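K.L.:
Need coordinates for the below:
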Amino acid sequence: MTIVKKTDSYWPALPSLIDNFLSRDWMDWSNLNFSSTNTTLPAVNVRETEDDFLIDVAAPGLTKKDFQINLENNQLTISSEKEQSNDEENYNYARREFSYQSFKRSFNLPEHLVDGDKVSAKYEEGILKIQVPKREEPKPKPARVIKIS
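P.N.:
Numbering: from 1, shown residues only. Predicted structure coming up:
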């Protein structure tokens, strides 16, 4: 036999629905776009073509001089720091707003598959585009007919 609690409310499930709604962490984006230090990480797309890997980093509001790209021991690291402040001298501030943005993303590149000497990058319309060419595989030589003398 099941015991059911009788309530005089027209909405008996309302308190549990409200508790469930309020207990959820609706703004938990930690797995999506925040690092462990609570800095925003830009979205990244990595595509593979026959000849290269293409990495697109969504970073609007930055300029190409805000980025630093390093390749060391087959690890490609993309980082950016930008500090923006509204500095006006000779004022006593009651409120002063500034912003600081930084991020760092790293990708391990397969040593045998990419040509690290030919990596290139460009920044246009808010997207940093990095091209990582693949190594050219040695092409097999065609069969050769050897004449007997």
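
K.L.:
and Ala121, how many neighbours does it have?
P.N.:
Other residues lying near Ala121 total 16 when counted by other CB atoms under 10 Å. Bear in mind the C-beta positions are built from the backbone N, C-alpha and C, glycine included.

K.L.:
How confident is the prediction for it, by pLDDT?
P.N.:
On the pLDDT scale, Ala121 is placed at 95.

K.L.:
for it, what are its contacts?
P.N.:
Contacts for Ala121 were tallied using CB atoms under 8 Å, 6 or more residues apart in numbering; they are 67, 69, 128-131.

K.L.:
where do the strands sit along the protein?
P.N.:
Per DSSP state E, the chain carries strands over the ranges 44-48, 52-58, 67-72, 75-85, 98-108, 120-124, 127-133.

K.L.:
With distance to Ala143 added, can I get the ones you listed in CSV?
P.N.:
Formatted as CSV, the strands of the chain follow (distance: least, CB to CB, whole Å):
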stretch, distance to Ala143
strand 44-48, 32
strand 52-58, 30
strand 67-72, 39
strand 75-85, 40
strand 98-108, 39
strand 120-124, 37
strand 127-133, 29
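
K.L.:
Out of these, the one nearest Val145 is which?
P.N.:
Smallest distance to Val145 across these (CB to CB): 35.1 Å, for strand 127-133.

K.L.:
Neighbouring strands - and their directions - for the closest one?
P.N.:
Strand 127-133 pairs in its sheet with strand 52-58 (antiparallel), strand 120-124 (antiparallel), by DSSP bridges.

K.L.:
Buried residues, that strand. List them.
P.N.:
Across strand 127-133, burial judged by 16 or more other CB atoms under 10 Å covers 128, 130, 132-133.
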